[in-house]
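J.: Fold the following and give me the result.
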Amino acid sequence: MGNDFDNIHVILVEPKEPGNIGSAVRAMKNMGISHLRLVNPPEGYHDDDEQKKFGYRAQEITQNSKKFTSLTDALKDIPVAFLATSKKGKWKRDFLLPEQAAEMIGQRAHKEKIAVIFGREVSGVTVDESQMANYFIYIPMAGAYPSLNLSQAVLVVLYEIFKKIGKTPALTYPKTAAKKEFERLYDNIWRLMKSLLIREPDKGLFHRSLKRALNRTRWTNADLAVFDRFCKQVRWFINNKTKEDFKEEEP
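T.: Numbers count the residues shown, from 1 in each chain. Okay, here's the model as predicted:
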């Protein structure tokens, strides 16, 4: 069961206060999860008194945490990402309840790294950041203006994962490619579309729809290589063929 827990990585995007990090790592410790990645955390959070106070007996998680300058970098080596968010919208689909997400994580955690992402306390994540998630987790709450603080959201989601890890039948399937490999394919397809004179700006409707579509797949490195080769071959053809090559052959 320990190996399954080792594949779970919690990512906090720009946490506002060191104390929020401390509360989150305490929740992680209680649920048996030890890998923490931080996107642009507050300076000096390791030694902050409030962080140490709220993260009582969980400081090994804080000290071993990894810092990144963007969510893209934090996800490069991770194939599957779940984003906890209370905000729905055009670019956020495939919402799951925490227990549904935990079921899926429990099926996969034996084989591949999985990220569970929590956004900024006030503003969540940007549209571009949300495009990196494969699935979205929605925590239902009562009240006209429901709201959980960061550590509460972390605890709710990780508790459901804790209940499922090691108890959910594992799926048998090829290992999904890491996010950095998908990023390469996004860029490859986009360069091809621009060579075909697509009339759309970067990060427009097509680009975002492409990311959403590819993030719904379970493609392996070999699968991505097929589409990479296709894009490269089309670009080569555009650059090297002449009008004579398009003439129909005589019967």
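J.: For residue 56, give me its contacts.
T.: 22, 26 (CB atoms under 8 Å, 6 or more residues apart in numbering). Quick note: C-beta positions are derived from backbone N, CA and C, even for glycine.
J.: Can you read off the pLDDT for it?
T.: Per-residue pLDDT puts residue 56 at 93.
J.: so what secondary structure elements neighbour the top helix by length along the chain?
T.: Assignment by DSSP state H gives helix 221-240 as the longest helix of the chain. On a contact count with 3 or more CB pairs under 8 Å, 6 or more residues apart in numbering; DSSP states H and E, helix 221-240 meets helix 179-195.
J.: tell me the average confidence for the helix it packs on?
T.: Averaging pLDDT along helix 179-195 gives 87.
J.: List the contacts of it.
T.: By CB under 8 Å, 6+ apart, helix 179-195 touches 72, 75-79, 81, 132, 200, 202, 206-207, 210-211, 214-215, 219, 221, 224, 227-228, 231-232, 234-235, 238.
J.: Mind giving me the PyMOL command for buried ones among the residues you listed?
T.: Buried residues among those (16 or more other CB atoms under 10 Å), as a PyMOL selection:
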select buried, resi 72+75+78+79+81+132+207+210+211+214+215+219+224+228+231
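J.: Buried residues in stretch 116-131, which are they?
T.: Buried-residue list, stretch 116-131, by 16+ other CB under 10 Å: 116-121, 124-125, 129-131.
J.: Now do the strands in the stretch 1-150 of the chain.
T.: Using DSSP state E, counting those that start in this stretch, the strands of the stretch 1-150 of the chain run over 8-13, 35-39, 66-68, 80-84, 95-96, 114-118, 135-137.
J.: For residue 164, which of the ones you listed is the nearest?
T.: strand 8-13 (10.9 Å; CB to CB).
J.: Which strands border that closest one, and is each parallel or antiparallel?
T.: Next to strand 8-13 in the sheet, as set by DSSP bridges, lie strand 35-39 (parallel), strand 114-118 (parallel).
J.: model confidence over it, on average?
T.: pLDDT averaged over strand 8-13 gives 98.
J.: That one to strand 80-84, inter-axis angle?
T.: Counting by axes from the mean of the first three to the mean of the last three CA atoms, to 10 degrees, strand 8-13 lies at 50 degrees to strand 80-84.
J.: Need the CA coordinates for strand 8-13. CSV is fine.
T.: Presented in CSV, the C-alpha positions along strand 8-13 are these (Å, rounded to 0.1, in the frame of the first residue of the first chain):
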residue,chain,number,x,y,z
ILE,A,8,0.3,10.7,-5.0
HIS,A,9,1.6,14.2,-5.3
VAL,A,10,-0.2,17.2,-3.8
ILE,A,11,0.3,20.5,-5.6
LEU,A,12,-0.6,23.9,-4.1
VAL,A,13,-0.7,26.7,-6.5
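J.: Report the buried residues of it.
T.: Buried residues in strand 8-13, counted by 16+ other CB under 10 Å: 8-13.
J.: and what of stretch 130-143?
T.: Of all the residues in stretch 130-143, those buried under the rule 16+ other CB under 10 Å are 130-139.
J.: hey, where'd the helices end up in the chain?
T.: Using DSSP H, helices in the chain cover 2-6, 18-30, 49-54, 59-63, 71-74, 98-108, 127-130, 150-164, 179-195, 205-214, 221-240.
J.: Spit out the contact partners of the residue nearest to residue 192 when sequence neighbours are not counted.
T.: Using CB to CB, 6 or more residues apart in numbering and skipping the chain neighbours, the partner closest in space to residue 192 is residue 231 (4.6 Å). By CB under 8 Å, 6+ apart, the residues touching residue 231 are 185, 188-189, 191-192.
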